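In: Here is my input; please provide its structure:
(chains A and B)
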Amino acid sequence: MSGFEPYNDVVRTLFENPVHAGDLQGSYAETLASDASESAGGARVMLFAGIADGMIAEMRFRVWGCPHLIAAAEMLCRDCEKGPVSRLSTFDRNAVMAKLSVPNEKTGKMLLLEDTLELLWAEHRSAG
Amino acid sequence: MTGEPIYLDYAATTPVDPRVIATMQQCLASDGCFANPASIHIKGRQAAAVAGQARKQMAELLNTSAERIIWTSGATESNNLAIQGAAKARAHRGRHLITMPTEHKAVVDTFRALGKEGYEISWLEPDSRGLLPLDTLAATIREDTQLVSVMHVNNETGVIQDIRSIGSLCRQKGVLFHTDAAQSVAKLDIDLSTLPVDLLSLTAHKFYGPQGIGAVYIADMTSGGISPIMFGGGQERRLRPGTLPVHLVAGAGMAAAIARQEMAANARHVETMRDRLWAGISDMAGLTRNSPVDTAFAGILNVSAEGVEGESLMLGMEPVCVASGSACNSTSGESSYVLRALGRDDRLAQSAVRFSFGHTTTGKEIDVAIGRYRRAIDRLRAISPASASVS
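Out: Got it, this is the predicted structure:
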């Protein structure tokens, strides 16, 4: 008998295998870092990107937060890595929430991730 | 989820003992004692005899007389009946009541409701271990104080309040004393023939009885100690109307009888399990033991871990079933109010895990839990922004 299941298979897989968690491993001409958190005691997200030749050569995250937030950060890094730097400017929150079956009451966690990504993009633009 | 579930959440509820199930089954079928015990026909009298036997078994566990036991649906209803019933019965004498912010929600919310009805509530803060300072209680009791309610064993930390001293102080001051003993009945020796307790709440599902049945002990049934809060029949001395669920009552009685025989052995077993678990994790950096070493019930071990978030810790520990100090899934997003009252900050409170043990817990299960806990914490700290400050 299966009961209420708060995490779908995608969340479980990403949570169990957060291969993009941690710090940047390589050295890059441009490195970006952003850090955002909820109010005191709430979730915190850090994003790191190594940029080379207009591409996101490497992307990493650190999270203090719930499984949905960890899974979303891992998915974001997977989607951005090896892509053009402009990917840092796009975050389809609704698509992420749908794919991870994020409950509505956790929308704030996804907004936090979106804010952290926007900070990363802003840093890139200011550097450029 | 990997592997079979390992249940370490006995403070939430327990599996029903097979001997209790057998007793309950005798009350369910057409040839059993299923009838309404209030009926005067043969089947009714048979059911009444079963219910009477169960009431006697519960009373024997507590070393009191059977007529002082009032059946309810569980501890939440018992707490409501005892607290509201006492407050309302004595409202003409005064409307000042005393409790603690570390009580179970069933007590906290009942007092809050009374506060909205015009009662004045004093919320006494615990010391760093969670204990009520007696001098604080003594200084708070006033002429118009009518009721003090302090739980026996805290459901989150396991801390054991000194209810003998609290009750004695209340007796000296002429104030009723209620204790929520949901976590202690059938776990600790409770002798109501000597304990100065006026009202006590319990529930059977915490000690291998069925869910949906509990009781209130009322020391003095003659002086109108409490008023009913439900109406509709004369059952349970008009304090708790409604047809008695004979199978549940019989199950609660059998659970009490079993506990009376096996309580000491169970207590030794859960202490062994608790100590084995703590020995397996206590070397980890950044752990805070929220259950006091010397004043806590051994069946509960509550531990916080710096640098990890509670909900992720719970998922990372699967298939180990424990309780969390995190309420991340709820709309409130609040961490444990009990741990915050003990001075833990939000993050430490949210990282708390309550392990609780039962007589079927095995050493092998504890070892798996140790491994899963350590692994989950190591993984979450490794990805945490705060990990550098912990490891």
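
In: Helix or strand: which one has the most centrally placed residue in chain A?
Out: For chain A, A:Ala73 is the residue whose C-alpha lies nearest the centre (Cα atoms, centre = their mean; 2.7 Å). For A:Ala73, the element it lies in under DSSP states H and E is helix A:67-80.

In: Could I get the pLDDT score of the residue nearest to the centre of chain A?
Out: We have a pLDDT of 98 for A:Ala73.

In: so who does it touch?
Out: A:18, A:20-21, A:45, A:47, A:61, A:63, A:113 (Cβ atoms under 8 Å, 6 or more residues apart in numbering or on different chains). Heads up, the C-betas are built off the backbone N, CA and C, glycines and all.

In: quick one: B:Gln26 and B:Val246 touch, right?
Out: No. Using Cβ atoms under 8 Å, B:Gln26 is not in contact with B:Val246, being 9.7 Å away.

In: State which one residue of the stretch 151-300 of chain B is found closest to chain A.
Out: Evaluated by Cβ to the nearest Cβ, the stretch 151-300 of chain B has B:Gly286 as its residue closest to chain A, separated by 13.3 Å.

In: nearest residue to that residue other than its sequence neighbours?
Out: Among residues not flanking B:Gly286 along the chain, B:Glu306 sits closest, at 3.5 Å (Cβ to Cβ, 6 or more residues apart in numbering or on different chains).

In: Do you know the pLDDT at that neighbour?
Out: 92.

In: ok, and what's touching the host helix or strand of B:Arg164?
Out: Taking DSSP H and E as the criterion, B:Arg164 maps to helix B:163-173. With contact meaning Cβ under 8 Å, 6+ apart, helix B:163-173 is reached by B:132, B:134, B:137-138, B:141, B:145, B:148, B:150, B:152, B:176-177, B:179, B:195-198.

In: Now it - C-alpha only, CSV.
Out: Written as CSV, here are the backbone C-alpha positions of helix B:163-173 (Å, rounded to 0.1, in the frame of the first residue of the first chain):
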residue,chain,number,x,y,z
ILE,B,163,5.3,15.8,39.0
ARG,B,164,5.5,14.7,42.6
SER,B,165,7.0,18.0,43.7
ILE,B,166,4.8,20.0,41.3
GLY,B,167,1.7,18.2,42.6
SER,B,168,2.7,18.6,46.2
LEU,B,169,3.1,22.3,45.7
CYS,B,170,-0.3,22.5,44.0
ARG,B,171,-1.9,20.6,46.9
GLN,B,172,-0.3,23.0,49.4
LYS,B,173,-1.8,25.9,47.5
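
In: Just after it, pick out the following helix or strand.
Out: Sequence-wise, the next helix or strand downstream of helix B:163-173 (DSSP H and E) is strand B:176-180.

In: which residue ranges form the helices in the chain?
Out: By default, I'm working from chain A. Remark: helices assigned in chain A by DSSP state H are A:9-16, A:67-80, A:93-100, A:107-127.

In: Please refer instead to chain B.
Out: With helices called from DSSP H, chain B shows them at B:18-25, B:42-62, B:75-89, B:105-116, B:134-140, B:163-173, B:246-281, B:310-317, B:337-341, B:346-350, B:363-383, B:387-390.

In: thinking again about what came up before, and the contacts of A:Ala73 near chain B, which?
Out: A:18, A:21, A:45, A:61, A:63 (Cβ under 8 Å from any Cβ of the partner chain).

In: Give the bridge partners for the second one, please.
Out: Using DSSP bridges, the bridge partners assigned to A:Ala21 are A:Phe61.

In: What pLDDT is listed against it?
Out: A:Ala21 is given a pLDDT of 96.

In: Hmm, A:Arg62 and it touching each other?
Out: Yes. Proximity of A:Ala21 to A:Arg62 meets the contact threshold set by Cβ under 8 Å, at 6.7 Å.

In: between these two, which one's more packed in?
Out: A:Arg62 (24 against 19; other Cβ atoms under 10 Å in any protein chain shown).

In: before we move on, back to that, same drill for B:Gln26 and B:Val246, tell me which one is more crowded.
Out: Ranked by neighbour count (other Cβ under 10 Å), B:Gln26 and B:Val246 place B:Val246 first, with 26 against 15.

In: Could you single out the nearest of the ones next to chain B among the contacts of A:Ala73 to A:Arg87?
Out: A:Phe61 (14.4 Å; Cβ to Cβ).

In: Show me what from chain A comes close to chain B.
Out: With Cβ under 8 Å from any Cβ as the criterion, chain A meets chain B at residues A:6-7, A:12, A:15, A:18, A:21-22, A:35, A:40-46, A:61-67, A:70, A:103, A:105.

In: Are any of the contacts of helix B:163-173 buried, and if so which?
Out: B:132, B:137, B:141, B:145, B:148, B:150, B:152, B:176-177, B:179, B:195-198 (16 or more other Cβ atoms under 10 Å in any protein chain shown).

In: This completes my enquiry, with thanks.
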